[in-house]
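Student: with the input below, show me the fold.
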Amino acid sequence: QVNLVESGGGSVQAGDSLRLSCVASGRTLSYGGMGWFRQAPGKEREFVGAIRWSSGNTIYANSVKGRFTISRDDAKNTGYLQMNSLKLEDTAIYYCAANEYGSSSLSIDYPNWGQGTQVIVSS
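Tutor: Residues are numbered from 1 along each chain as shown. Predicted coordinates:
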């Protein structure tokens, strides 16, 4: 079991940047993956991106590719979601999730989830 705690959300203007953090505790993520998902009001949860912890290889949704970057600090067991050039449509609750086998774009592949952090982008 992995406990995940996100932080770093807030209210920003379009074009600004934010960095979300996700601290994992309970076990190392060395052989697994961390995914980032988001859920906007009235919409289903959607995939943002993911990282394979051991290699650092990343995958992204087309909607954020080139603007968002996922990284991790193995020593701190912490993952990061750097969000640049934020748009109004990026407004959502952002969740990190973890598994034991690698990156995936499917929420069903992640048994462990954080509580979410709110990101609001205004014009």
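Student: measure T78 to Q115 for me?
Tutor: 16 Å (Cβ to Cβ, to the nearest Å). For every residue, glycine as well, the C-beta is placed using N, CA and C.
Student: out of those two, which sits in the more crowded spot?
Tutor: T78 (19 against 11; other Cβ atoms under 10 Å).
Student: so what sits opposite that one in the bridge?
Tutor: V23, D73 (DSSP bridges).
Student: D109: how many residues sit nearby?
Tutor: 15.
Student: ok now do the nearest residue to it once chain neighbours are set aside, which residues does it touch?
Tutor: Distances taken as Cβ to Cβ, 6 or more residues apart in numbering put N99 closest to D109, at 5.7 Å, once the chain neighbours are dropped. For N99, the contacting residues are 32-33, 35, 109-112, by Cβ atoms under 8 Å, 6 or more residues apart in numbering.
Student: S123 contacts Q13, doesn't it?
Tutor: Yes. Using Cβ atoms under 8 Å, S123 is in contact with Q13, at 7.0 Å.
Student: the two: who's more crowded?
Tutor: A side-by-side neighbour count of S123 and Q13, using other Cβ under 10 Å, places Q13 first with 11 against 7.
Student: now the more buried one. Nearest residue, chain neighbours left out?
Tutor: Per Cβ to Cβ, 6+ apart, closest to Q13 is S122, 5.8 Å.
Student: how close does the one you found get to N112?
Tutor: 32 Å.
Student: what about those two, which has more around it?
Tutor: Per other Cβ under 10 Å, whichever of S122 and N112 has more neighbours is N112, with 19 against 11.
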